[in-house]
Each structure stands twice: as structure tokens, then as C-alpha cells.
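In: Structure for this input, please:
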Amino acid sequence: MRKLLATVFGAAIAAHACPVWAGTLDDVKAKGVLTCGTNPATAGFRVPDNDGKWTGFVVDYCRAVAAGVLGDATKVKFIPLNAKDRFTALQSGEIDILAHNATWTSSRDTSLGIIFAGTYFYDGQGFMVRKSEKIQSAKNLDGASICVSQGTTAELNLADYFRTNGMSYSAVGFADEEAVIKAYEEGRCDVFSADTSSLNAARIRMAKPEENVVLPEIISKEPLGPAVRQGDDQWLNVAKWTLNVMLAAEEFGVTSKNIDEMKHSDDPNIRRLLGVEGSFGKDVGLGETWSQDIIKQVGNYSEIFERSIGKESPLKIERGVNALWTPVAFSTHPPIR
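Out: Residues are numbered from 1 along each chain as shown. This is a model prediction of the structure:
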């Protein structure tokens, strides 16, 4: 059961009347299903098919949490949320976890009563224009009308970018991404601005994708990740370490196909990851095989990335900065020990 604690965050947070929550892990176990808030539809990240089955990158993250907590990756109820309502749904307890294209920012982490559990995709905001306009750079967008989703960092980034570069623009805002895409296709604005992953996902769904182009400039840093409610450290650990399990599995070469063989590895890193030795599951508050369930039922980070948004998908997004840690990439995980 969720236990609503009577703790007040402080003056700023009190103004938002945000409660502190605890007990989400027990709630999810009792319900037998994970409630995951996500975007209504973004190709590659979350898309429902004709039968209502959801697939995509962040969908697989939620399935991984369900596999680890409930032992069954199918035990997820997906709640489509627009950008304006997503944080309210998490704050109120309508959902257990938010797996959205939501950017991890300081204000969201400190004033909404929520906390981000990590970054599962590093992105950046860009611009889509019509190829016929022959626009080569974002610096040529002075005076443009720009379609953008309301309640997102994209609105704030536009204001910063155009102010910094001494240009003007008019924002044409909509409550959800589908409305933004429709307005752009209907010619109600000159430009469509969003995270580049969303732009590329939207482009392939357009009636004439070849008539649109994404400009080369990236105007922001957008670390996207899952969020949970503040004050529930146990559930935060589950959300955080689910992501780290998938990253670690890729690093150590453990996949959904070879996991049964890898359980017999002599590598202590792999043995701790899979719960063959040590107390990883117990430390997180879950069973000994929780990490095995995640990898076997859903896959490691690379498997999820490539089939949903990478080389095996229509999007064919390069790993880039989302590759495992190197001197020029960022995806990594803390040690399991």
C-alpha cells in the first residue's frame, strides 16, 4: 500500500502541494501489474498496433521493470499521456512510473515532487523544414512560425536559441505531438521543432517524408529518462537499477539468447549481475533472478535499442553518444558490487 507521508518538502515544494510517497514496490506486487505512463505514440519509442499491443524503446524499459518486479514482462498497463499531463499523473499516483520522452532537468527534479532514475537516451532539440524551402541552417529561421508541443523543454529552448541569436519567431503550440505533426503537415507553421529522435520518428510517418528534412543544428542537451515520485527510495532503486542491468548486460556480453549459458561464467562481474553470487536481488528488494528475468524476457540495452530505434528498425538511429562508455560516449552504469 502507498503510504502518504506528512512530510513537507520546503517552501518551494510546499507551494505545489506535492506529497512524499513510499511503498510503490509493494503496491505493484499487490496489484500484479505495473502502470506505466508514456507518450500517446512516437515511432520507435512507443507505438500501439491494431490490437492495442505497445512496442518501442521506452515500452521495453517498462516491460523490463515488470519482468524484474513481477517476473513477467507482459504485466504492464500503458497509460498514454500528453506532455502537459504526464507529471501530474505521476504526482497523483495514477501511474507507478513515467517512461516518456521527458528531459531530466533541475526544476523537474527539485520542484515537482518527482525524481529521475537515470538517462536511457541522450537527445537534443532540432528543426524540421520543408525541403522545397531550401533552408540550410537554423540561422536562416528568423521570423519563422514554429510548431511545438506545449509543456515541454522545447518551448523554453526555442526562446533561448532565438534570443541568443537575435532572431524572432512565433510559436504555434499544441497539447500533444500528434497535433503538432498534423499542423506542420497542413502548413500551419513553417518549422517543426522537437527532439531529433521525435523529428525523425515523425518524418517516417508523414505522407511525404522525402519532402521534409531535419536541419543539422542541435540546440540543446536532452537527457531522457524514467521518473518516479520523490520519497520512495526503494522504488527509485528498482527503476534506476533496471536500466543499469540492461547496460551492464551489454557491457559483459549477456543477451536474451545466451543468458542461460552465461549463468555458468567464471567472470565475477557476470555472476554478480545475474545473481549467481552476491546479494544484488536482495539489496534491491527483489528476488535472486530479477536481473535474469529482465535480460531473458526483454534483452540488454543494445538489443532494445537496435530493434526499436537502431539499425534493425525503420528509424536506423546511430548509437552515437548512446553507445557504451568510451572517450566520446556516455552510456555506462555504476559497478554492481
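In: In three-state terms, how would V129 be classified?
Out: Secondary structure, DSSP: H, G, I helix; E, B strand; the rest coil: V129 is strand.
In: excluding its backbone neighbours, what's nearest it?
Out: The shortest distance from V129 to any non-neighbouring residue, by CB to CB, 6 or more residues apart in numbering, is to I135 (4.7 Å). For the C-beta atoms, the positions are set from N, CA and C on the backbone; glycine is no exception.
In: quick one: buried residues of stretch 195-214?
Out: By neighbour count on 16 or more other CB atoms under 10 Å, the buried set for stretch 195-214 is 195-203, 206, 212-214.
In: Give me the residues contacting that stretch.
Out: For stretch 195-214, contacts defined as CB atoms under 8 Å, 6 or more residues apart in numbering pick out 42-45, 101, 121, 123-132, 154, 177, 181, 185, 192, 194, 218, 222, 224, 309, 314-315, 317.
In: now swap in stretch 292-302 and tell me
Out: Residues outside stretch 292-302 that contact it (CB under 8 Å, 6+ apart) are 60, 63-64, 67-68, 71-73, 242, 245-247, 249-250, 254-256, 259-260, 263, 274-275, 304, 307, 331.
In: quick one: that stretch to chain centroid distance?
Out: How far stretch 292-302 lies from its chain's middle: 17 Å, per CA atoms, centre = their mean, to the nearest Å.
In: Just the C-alphas of it, formatted as CSV.
Out: Taking Å, rounded to 0.1, in the frame of the first residue of the first chain, the C-alpha atoms of stretch 292-302 are listed here in CSV:
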residue,chain,number,x,y,z
GLN,A,292,17.9,-12.7,-15.3
ASP,A,293,14.2,-12.1,-15.9
ILE,A,294,14.9,-8.7,-17.3
ILE,A,295,17.6,-9.8,-19.7
LYS,A,296,15.9,-13.1,-20.8
GLN,A,297,12.5,-11.6,-21.4
VAL,A,298,13.4,-8.2,-22.7
GLY,A,299,17.1,-8.1,-23.6
ASN,A,300,20.1,-6.0,-22.9
TYR,A,301,20.4,-2.3,-23.8
SER,A,302,21.8,-2.9,-27.3
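In: could you give me the average pLDDT of that stretch?
Out: Regarding stretch 292-302, the rounded mean pLDDT is 98.
In: And stretch 109-121, by the same measure?
Out: 95.
In: quick one: buried residues of that stretch?
Out: Neighbour-count burial for stretch 109-121 flags 111-121 (criterion: 16+ other CB under 10 Å).
In: would you turn these into TSV with distance to D267 and secondary structure?
Out: Putting those into TSV (distance: CB to CB, whole Å; DSSP: H, G, I helix; E, B strand; the rest coil) gives the following:
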residue	distance to D267	secondary structure
S111	43	helix
L112	41	coil
G113	41	coil
I114	37	strand
I115	33	strand
F116	31	strand
A117	27	coil
G118	24	coil
T119	26	coil
Y120	25	coil
F121	28	strand
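In: Spit out the contact partners of the most centrally placed residue in the chain.
Out: Nearest residue to the geometric centre of the chain (CA atoms, centre = their mean): G225, 4.1 Å. By CB under 8 Å, 6+ apart, the contact set of G225 is 102, 104, 116-121, 243.
In: buried sites along stretch 90-97?
Out: In stretch 90-97, counting by 16+ other CB under 10 Å, buried: 90-91, 95-97.
In: Of those, just say which sits nearest to N165.
Out: Of all these, L90 has the smallest distance to N165: 34.7 Å, by CB to CB.
In: I'd assumed F116 was in contact with A239.
Out: No: judged on CB atoms under 8 Å, A239 makes no contact with F116 at a distance of 9.0 Å.
In: among the contacts of G225, which two are most distant?
Out: A102 and L243 (14.2 Å).
In: These two: which has the busier surroundings?
Out: Neighbours per residue, other CB atoms under 10 Å: of A102 and L243, the larger number sits with A102, 27 against 22.
In: ok, that one - contacts?
Out: Taking CB under 8 Å, 6+ apart, we find A102 in contact with 86-87, 108, 116, 224-225, 227.
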